[in-house]
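S.K.: My questions concern the predicted model and sequence given below.
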Protein chains: 2
Amino acid sequence: MKFEITSNFLKHLKNDLEGAEEKKIFEYISDLHAADIAEILDELSNEHAKAFYQLLDQELAADVLVELEEDTRERFLASLSSKEIAEQFIENLESDDAADIIQELPENIKEEVISHIEDVDQASDIIDLLNYEEGTAGALMAKELIAVEETWTVTKCTKEMRRQAEGIDFVYTVYVTDKKNILLGTLSLKKLLMTPARTSVQDIYKPDIISVRAGTSSEEVAQIMDKYDLVVLPVVDELNRLIGRITIDDVLDMIKEETDKDYQMASGISEDIDAQDKVWVMTRARLPWLLIGLFGGILGAQVIGLFETDLKIYPEMAFFIPLIAAMGGNVGVQSSAIIVQSLANNTLGKEGMFPKLLKEFSVAMINGLICSVLILLYTLAIEEPIHLCYTVSVSLFSVIILSGLIGTFIPLILNKYKIDPALATGPFITTTNDIFGLLIYFAVGRLMYG
Amino acid sequence: MKFEITSNFLKHLKNDLEGAEEKKIFEYISDLHAADIAEILDELSNEHAKAFYQLLDQELAADVLVELEEDTRERFLASLSSKEIAEQFIENLESDDAADIIQELPENIKEEVISHIEDVDQASDIIDLLNYEEGTAGALMAKELIAVEETWTVTKCTKEMRRQAEGIDFVYTVYVTDKKNILLGTLSLKKLLMTPARTSVQDIYKPDIISVRAGTSSEEVAQIMDKYDLVVLPVVDELNRLIGRITIDDVLDMIKEETDKDYQMASGISEDIDAQDKVWVMTRARLPWLLIGLFGGILGAQVIGLFETDLKIYPEMAFFIPLIAAMGGNVGVQSSAIIVQSLANNTLGKEGMFPKLLKEFSVAMINGLICSVLILLYTLAIEEPIHLCYTVSVSLFSVIILSGLIGTFIPLILNKYKIDPALATGPFITTTNDIFGLLIYFAVGRLMYG
């Protein structure tokens, strides 16, 4: 049921490609979905991939193109002329996929490709879609949809739908508009099937409909579709005229990208990578945060350097440096993660910044008390010097509270100034809190011992 | 277009509820979707919520119930008799939602509620669904679907579909089966609209169809629907007989829960919480990881204690403790996150554990070399004792490599033994690496100084 590429399959396929055994290859392909073929192509060498690709029929080839990984697609399109791209691929795609692919092309090629599209309606749809800013509903939507007018009868609807459906792969929903194309509601297939032929649409359509403006942010689109369990969402212009529709599969991809990005940020990874990426890509994605950590470590060394004389007299102070640093980091990561995730899921709540800091303060008070009492009991039990026991306990308590507040405050303030709050998570927050933690620890130590 | 609860709205609503101004309240409700009303109920006190709830018509009330947060729903259902639950809610729901809600009820109430369902078919559908193990396609699916037989004509199809559609809210797809209910393919609405009435279904249906078995894991269901961009996925039994269908909205919720959980694990949060949860819930979700961190810090202190004599002679060794600990933690989090995310996205690749460790080793070599050369230059530049310069540089290099390997190995091995690999991320990996890092640092120090 689900296709899995095996090394055995790849070996056979490569053999057959080299032997130009077209018949055998057609047999492989016949059962496969475009997404499977794209996965195979991603695994093949350039030459094999081209040989394989040429065996696909045009419609399938276009669908496969959409499913390829971006760099494979780029390499492949670079080997084609603008005319070939337009005629073999773009004309076989729905408007949103076509626009996405053209968007990826180099600036000078974009126009050439568009000029080679023969269907004027399609070309104008694509130009239209390219004009919407990335990250908006307009850039996510497709123009293909089925719409009927409220004054039509069921018979006329069916006839019109038949005509409109020709260019569309999958009918999600039938929209109802007035004469001026203003969106009024939807007509369910069920109603259409169950109503006498002469009935007018206005008597059977469902008037309350959730729609978005073309300028709505894609995050909001995702939240709306998720909240209302929508499979497809109509897009309207400022005058409420129906201009397109967004389907859930595109939004799902976007949601996954967003959450993946937040996760990577929290883990100190600066690019979208996975376990199959090359060593160099992985290194590049990970080095930036390590350098920040290195810089933080140097600052930490300087902070401790300030207290070198204390350390000479009380070397046992060094024992709990890692504990203080780690706890500050852990608390900071927890509290920043809660803010980042609540922002992503739109569950942050309406109250302002102060109540959130107050709540974090309460949580930190409880956790801080528990942890600092435990560490006090432990240090007393193993008979550390009494000054050290107090120092560790008091500074741990302070560090937990300060780190919690910093971890809550920074993502909130970043978000307020429209900067991605996920920047505040992971290594950034641990590094910041390390330094504050050390300052507190040694300052408290000097007080206690002094 | 999108409804937002404002404090002003809540104030007015509460007033009207207390004044029993039903007419005004109906006006509020008329435009609202079940998900909006659920959001409002989540914000109201128990009394207000009940008063509000009683004003909804039964079908809407049932939809709202599905959308409520679990604890609100639990509280609400606890105040009703089994008969009321069955008649007012369960009978108005589709089978998957009905089964989910019954699943949440206390064991003794479940059977009572089912015995009160009047529609025998619905009751048996629900019992059927309750039998599937959680986390499988069977537990995710709904029984409501539209199916036609391959031998029927278009006319017979339309008639049958009309009958079947009556109990179904939204028609996603028309399935085609043989006489024995074995799934053969799908019939598109487009084809149905565009074909003469006497044509037989077998001449127009699309035969290749992706389906899953009832026992398929929900992760695989999500991966399949995501990969093939499916809105709805049919579920079959061992004999390939059509038994239900899964829609994308349920899968979307599941994907979000999964990624949220991984993110929380990586951030040291042990329960599903958001910024609006109570102080106590937040504390409880965060304390466990802090205690692990505390324990790790104590172990760290013991490691340093082993080297107390060294520290007395070379107190400058203490300066770079935070750097070594932080870098070990950062590298470990990065490498475990890559594995966890690749597992979640099914992009881990087919090769075994050894090639992955080898790749991680290469990445760590490069990052380790860059970081250790930088720290060597820095420590030399600020004229630290030459032994310290070498110690920091060499141990940093070793720590980066070891942490990378640990961070890669642990989630892979957890996954191999079917334990959630996300357990290995976040505070767990930083704590482990802190301790190894300290051991390496002081061991190298003793060698260098010795």
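M.R.: Nice, I can see it. All values reported here derive from a predicted model rather than from experimental measurement.
S.K.: Show me what counts as buried in stretch A:191-199.
M.R.: A:191-195, A:199 (16 or more other Cβ atoms under 10 Å in any protein chain shown). (Each C-beta comes from the backbone N, C-alpha and C, glycine too.)
S.K.: buried sites along the host helix or strand of A:I101?
M.R.: Applying DSSP states H and E as the criterion places A:I101 in helix A:95-104. Neighbour counts over helix A:95-104 (16+ other Cβ under 10 Å) mark A:95-102 as buried.
S.K.: before we move on, what about stretch A:20-34?
M.R.: A:25, A:28-29, A:32-34.
S.K.: what are the ranges of the helices in the stretch 301-450 of chain A?
M.R.: For the stretch 301-450 of chain A, the helices defined by DSSP state H, counting those that start in this stretch cover A:308-313, A:321-344, A:353-381, A:386-416, A:427-449.
S.K.: Tell me which other helices or strands the helix holding A:I101 touches.
M.R.: helix A:58-67, helix A:70-78, helix A:107-115, helix A:120-130 (3 or more Cβ pairs under 8 Å, 6 or more residues apart in numbering or on different chains; DSSP states H and E).
S.K.: In terms of secondary structure, what does the second one contact?
M.R.: The criterion is 3+ Cβ pairs under 8 Å, 6+ apart, and the helices and strands that helix A:70-78 contacts are helix A:46-53, helix A:58-67, helix A:95-104.
S.K.: Adding mean pLDDT, write those out as TSV.
M.R.: As requested, those are exported to TSV (pLDDT from 0 to 100):
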stretch	mean pLDDT
helix A:46-53	83
helix A:58-67	88
helix A:95-104	91
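S.K.: Out of those, flag the one nearest B:I209.
M.R.: B:I209 lies closest, by Cβ to Cβ, to one member of these: helix A:58-67, at 16.3 Å.
S.K.: Any chance of the helices and strands packed on helix A:70-78 in JSON lines with distance to A:D277 as columns?
M.R.: Listed next are these as JSON lines, based on distance: least, Cβ to Cβ, whole Å:
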{"stretch": "helix A:46-53", "distance to A:D277": "19"}
{"stretch": "helix A:58-67", "distance to A:D277": "19"}
{"stretch": "helix A:95-104", "distance to A:D277": "19"}
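S.K.: In the stretch 1-150 of chain A, what residue comes closest to chain B?
M.R.: A:A35 (5.0 Å; Cβ to the nearest Cβ).
S.K.: What residues does that residue make contact with?
M.R.: Residues near A:A35 by Cβ atoms under 8 Å, 6 or more residues apart in numbering or on different chains: A:67, B:227-229.
S.K.: again, only this time at 6 Å
M.R.: A:A35 sits next to A:67, B:227-228 when contact means Cβ atoms under 6 Å, 6 or more residues apart in numbering or on different chains.
S.K.: Also A:A424?
M.R.: A:336, A:410-411, A:414.
S.K.: got a markdown table for those residues, with neighbour count, pLDDT and distance to chain B too?
M.R.: Putting the contacts of A:A424 into a markdown table (neighbours: other Cβ atoms under 10 Å in any protein chain shown; pLDDT from 0 to 100; distance: Cβ to the nearest Cβ, whole Å) gives the following:
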| residue | neighbour count | pLDDT | distance to chain B |
| --- | --- | --- | --- |
| A:S336 | 32 | 91 | 8 |
| A:I410 | 21 | 92 | 14 |
| A:P411 | 27 | 92 | 10 |
| A:L414 | 19 | 90 | 15 |
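S.K.: hey, which of the helices and strands packed on helix A:95-104 is tucked in deepest?
M.R.: Sort the helices and strands packed on helix A:95-104 by mean neighbour count, taking mean count of other Cβ atoms under 10 Å in any protein chain shown, and helix A:58-67 sits at the top with a mean of 19.
S.K.: Now find how far off-centre that one is within its chain.
M.R.: 24 Å (Cα atoms, centre = their mean, to the nearest Å).
S.K.: what does stretch A:343-357 give?
M.R.: Counting by Cα atoms, centre = their mean, stretch A:343-357 comes out at 21 Å from the chain centroid.
S.K.: And for the nearest residue to A:G268 once chain neighbours are set aside, the neighbour number?
M.R.: Closest residue to A:G268 apart from its sequence neighbours, by Cβ to Cβ, 6 or more residues apart in numbering or on different chains: A:W289 at 3.6 Å. Per other Cβ atoms under 10 Å in any protein chain shown, the neighbour tally for A:W289 reads 22.
S.K.: what's the pLDDT at A:W289?
M.R.: pLDDT for A:W289: 88.
S.K.: Kindly report the same for the one 5 residues further on.
M.R.: At A:L294, the pLDDT value in this model is 92.
S.K.: With A:V171 instead?
M.R.: Per the predicted model, pLDDT is 67 at A:V171.
S.K.: What values do phi and psi take at the residue of the stretch 151-300 of chain A found nearest chain B?
M.R.: The nearest approach of the stretch 151-300 of chain A to chain B comes at A:G297, 2.6 Å away (Cβ to the nearest Cβ). Phi and psi for A:G297, reported as degrees, to the nearest 10, are phi -60, psi -40.
S.K.: Quick check, it in contact with B:L323.
M.R.: Yes - counting by Cβ atoms under 6 Å, A:G297 sits close enough to B:L323 to count as a contact (2.6 Å).
S.K.: dump the residue contacts of the nearest residue to A:M327 once chain neighbours are set aside.
M.R.: Nearest non-adjacent residue to A:M327, counting by Cβ to Cβ, 6+ apart: B:G293, 5.4 Å away. Applying Cβ under 6 Å, 6+ apart, we find B:G293 in contact with A:326-327, A:330, B:427, B:431.
S.K.: Now pLDDT, distance to A:G450 and neighbour count too, for those, in TSV please.
M.R.: As requested, these are exported to TSV (pLDDT from 0 to 100; distance: Cβ to Cβ, whole Å; neighbours: other Cβ atoms under 10 Å in any protein chain shown):
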residue	pLDDT	distance to A:G450	neighbour count
A:A326	87	26	29
A:M327	91	24	29
A:N330	89	29	31
B:P427	77	33	27
B:T431	86	32	25
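S.K.: sorry, back to before: restricted to helices, list the buried residues of stretch A:191-199.
M.R.: Secondary structure assignment (DSSP state H) places A:191-194 from those within helices.
S.K.: Which pLDDT does the model give A:K350?
M.R.: The predicted local confidence for A:K350 is 69.
S.K.: just A:T259 next, same as before
M.R.: 83.
S.K.: Next: the one 3 residues further on.
M.R.: Confidence per residue is given as pLDDT, and for A:D262 that number is 86.
S.K.: thought it was touching A:L423?
M.R.: No - between A:D262 and A:L423 there is no contact under Cβ under 6 Å: 10.2 Å.
S.K.: Who has more neighbours out of these two?
M.R.: Counted by other Cβ under 10 Å, A:D262 and A:L423 do not tie: A:D262 has more neighbours, with 22 against 15.
S.K.: and the more buried one, what does it touch?
M.R.: Here A:D262 is in contact with A:340, A:422 (Cβ under 6 Å, 6+ apart).
S.K.: The helix or strand hosting it to helix B:321-344, inter-axis angle?
M.R.: For A:D262, the host element (DSSP H and E) is helix A:248-266. Using axes from the mean of the first three to the mean of the last three Cα atoms, to 10 degrees, the inter-axis angle of helix A:248-266 relative to helix B:321-344 is 160 degrees.
S.K.: Now do the contacts for A:S270.
M.R.: A:S270 neighbours (Cβ under 6 Å, 6+ apart): A:285, A:288.
S.K.: Which pLDDT value belongs to the nearest residue to A:E118 once chain neighbours are set aside?
M.R.: Leaving aside its sequence neighbours, A:E118 sits nearest to A:E91 (Cβ to Cβ, 6+ apart; 6.8 Å). Predicted confidence (pLDDT) for A:E91: 87.
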